[in-house]
Structures are given as structure tokens and as C-alpha cells.
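Asks: sharing a model prediction with you, sequence too.
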Amino acid sequence: MASTAINPAEYQNQLDEKAARIQNIFADFETPELEVFSSPAEHYRMRAEFRMWHEGEDLFYVMFNQETREKYRVDQFPAASRLINDLMPLLVDALKPIQALRHKLFQVDFLSTLSGEILVSMLYHRQLDEEWEVEAKALKQRLNDEGFNLNLIGRARKQKVVLDQEFVIEKLKVNDRTLTYKQVENSFTQPNGEVAQKMLEWAVDCTQESEGDLLELYCGNGNFSLALAQNFEQVLATELAKPSVDSAQYNIAVNNIDNVQIIRMSAEDFTDAMEGKREFRRLKSQNIDLKSYNCNTIFVDPPRSGMDEGTCRMVQGYERIMYISCNPDTLQENLNILCETHRITRFALFDQFPYTHHMEAGVLLERK
């Protein structure tokens, strides 16, 4: 199926099928009733990227069939946010007559928000010159005059031109609170804004009436850290990617949250630090004494590869484990270890990626 051919009438059926599939995958574990969190049936993706195709005077977006690699034209993309769909035709029509902007343009990436901001990155097979920048500034102004809250980035080999900022400011509603997040181009952010809000609310609900502190691994831009801070005395969070750490520090400040500390460190290094195997200069430089934290709960949201065995063993040392997974297969592998000491007390499916085989799961484990 072409990724533009979504059918909202089929949405509930595909969600039911996913729910059945994930319950089957975890049938060997003692799981409580599955909590299912749906997505909007269309206009759910906050990000989209398209190749640009040049045919004579014409210029249009294309995507490629993942199985056949055949290209197909995309004038509208129902999976993407309404903001992206509104901008797509206006942007391409504005680019067509301007040689300085369309010459050797091969890809356009969109990063949109529920808050109304949008960032467009235009990628080129040539170096960008002063003429490009003049025309790009005029294009940005023209589109903002049309009512968009838009910033532009031009990219070429070893070159990046930012007009005027390389991030968007997102606002996510979590129960009765609104949290502000800086989301930087090419850094990881949750792709489905509406489901992201449901994930945050679920995590907050799971950790109500918590005692002590929270340790979080793989914290990204502080997405979960900020929402969960209200339920803990302190939050200590780790993340390796520098742009994400910088965004997390911004997000802590702009939300006036004073009990979250971010460390730039891999989960593996942090495991060594917690077990006293090595001393880390960056912990000393930030005056972080790991022994001063009373972490009864640990939160992990690892990459698709899941956690290595050493990290799993370290995680077993906590009373409660909250695990968000984008890969049920590696979650299953990790649970084989974690369930030696813990039992699953909450189990959730978040439909981040409708009409695909991808499933996002949430699990709360408590010590047996």
C-alpha cells in the first residue's frame, strides 16, 4: 500500500489487529488487561520528508514504494499534520519559478507542531550562495504573510543556512498542564503529537503517589522527565545526544521545573558509574553525587535495539521499572530478564504509527 493511501474507515480494524498481535507476542508473560491508546485516523504525523522531482518546468513531491522502490507523486499526504498539508502546495508553487531555490533541490523535510509552528529544511546537491539566501528570506516572508509561523533551513554538503532558527516550540497538554518543548531539526521527537500527549498522561498516572526520586535513561529532550517531575522529589536523567541535552536544559528552564537534573552520558556508562566501576569527570564537574539520590523508580525509553544485558541487570535493582518500547521484539527479550525479579502491573499499546506494523508499548513493572 502506498503510504499516502490511508483509509480512516479502516482505522479501528487495524488498531484492533495490533492489540491482538501485541497480546499474542506477550502471551507467555503474566500481563494485566491491555490499555489501548488510539491515534487520530489521519493528520497525525508531525514530521514528513519528501524527495523533490524535476520534470521540465514542473516540480513536485515524490515518495517511494518501500517494496518496489517505484516513485509516486504526492500532492497531499493525509498521514501528515494539517499544517504540513496546508503548506505543501504553497511551498512548491512558490519554488517553481525561482531558479535560485529550485536548482538541484532534491529533498524537503517538514517538522510541524500542535502549537502551530513549522520548520522546513530544503536539501541541495550544490552549495548555497548569497542569491539563494536572498530568495529564501523572501520566500519565508511570503509564506509567513500567508499566515504560517515558519522558519527555513537550507542544507548542502558541509553547509547549513538557518533562517531564523533551527527548532520549533511545541506545547503538549498533559492533563491540566501545558508543557513547552524545544524540538530541534534532525533530533528525535515523538512523531505523533496527539499520541505523545496520551503517553505522557499514562506515565504520570502510573507514577502517582510515588516515593523518592526517579532515574531516567535515554531521556531525549526531557519529554517524559518534565511531565513526571511532579510525582517525584528529584529526577536524574541521562542522554547521550548533545542537541537533545541542550534542548532538555532549555525545556527545564522554560517550564520552571527545579527538580530535574540532566547528565550527558550513555546508559552503559551510567550503569558503570552507578555500580562504582569507574569515576566520571562530568559527574564531578556538575557536582552530582549519585549516592545522594533515593531512586526507587527507573524510567527507560531505549532505541529499537533495546537495552543490553548489563543495563537490564542494573535496572532490576529498582522497585519499579517503567519501560517505553518502540520494538516489541527487544522488549520481549528484555522482559525475559526483568521478569525474573519483577511482575508487570500495567501494559499499554500506543498507536504512534497507524496503518503500519510498528507498535509502541508501555510496561510498568513492580518488584515481586
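Replies: Perfect, I can see it now. Numbering: from 1, shown residues only.

Asks: check whether N251 sits in a helix, strand or coil.
Replies: Per DSSP: H, G, I helix; E, B strand; the rest coil, the local secondary structure of N251 is helix.

Asks: neighbours around it, how many?
Replies: Using other Cβ atoms under 10 Å, N251 has 24 other residues around it. Placement of C-beta: from N, CA and C, glycine included.

Asks: got phi/psi on the nearest residue to E239 once chain neighbours are set aside?
Replies: Distance criterion Cβ to Cβ, 6 or more residues apart in numbering; nearest residue to E239, sequence neighbours excluded, is C219 at 4.7 Å. Phi and psi for C219, reported as degrees, to the nearest 10, are phi -80, psi -10.

Asks: any idea how far C219 is from I153?
Replies: 25 Å (Cβ to Cβ, to the nearest Å).

Asks: now the helices for the stretch 101-250 of the chain?
Replies: 130-145, 193-206, 223-228, 242-254 (DSSP state H, counting those that start in this stretch).

Asks: pull out the buried positions in the longest one.
Replies: Buried positions in helix 130-145, judged by neighbour count with 16 or more other Cβ atoms under 10 Å: W132, E135, A136, L139, K140, L143.

Asks: on that earlier part again, among the helices of the stretch 101-250 of the chain, which is nearest L364?
Replies: helix 193-206 (4.8 Å; Cβ to Cβ).

Asks: could you dump the helices of the stretch 101-250 of the chain to JSON lines with distance to K173 and mean pLDDT?
Replies: Converted to JSON lines, those look like this (distance: least, Cβ to Cβ, whole Å; pLDDT from 0 to 100):
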{"stretch": "helix 130-145", "distance to K173": "26", "mean pLDDT": "98"}
{"stretch": "helix 193-206", "distance to K173": "6", "mean pLDDT": "98"}
{"stretch": "helix 223-228", "distance to K173": "11", "mean pLDDT": "96"}
{"stretch": "helix 242-254", "distance to K173": "15", "mean pLDDT": "93"}
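
Asks: how about CSV for those helices, with distance to L283 added?
Replies: Output for those, formatted as CSV (distance: least, Cβ to Cβ, whole Å):
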stretch, distance to L283
helix 130-145, 43
helix 193-206, 26
helix 223-228, 18
helix 242-254, 14
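
Asks: closest one to K291 among the ones you listed?
Replies: helix 223-228 (20.8 Å).

Asks: partners of F350 in the sheet?
Replies: For F350, the beta-bridge partners under DSSP bridges are F37, E360.

Asks: contacts only, for it.
Replies: F350 makes contact with F37, V195, K198, M199, W202, E360, A361, G362 under the criterion Cβ atoms under 8 Å, 6 or more residues apart in numbering.

Asks: okay, buried residues for stretch 99-119 please.
Replies: 100-102, 105, 108-115, 117-119.

Asks: tell me which of the residues you listed is nearest to W53?
Replies: For the buried residues of stretch 99-119, the nearest to W53 is L105 (10.1 Å; Cβ to Cβ).
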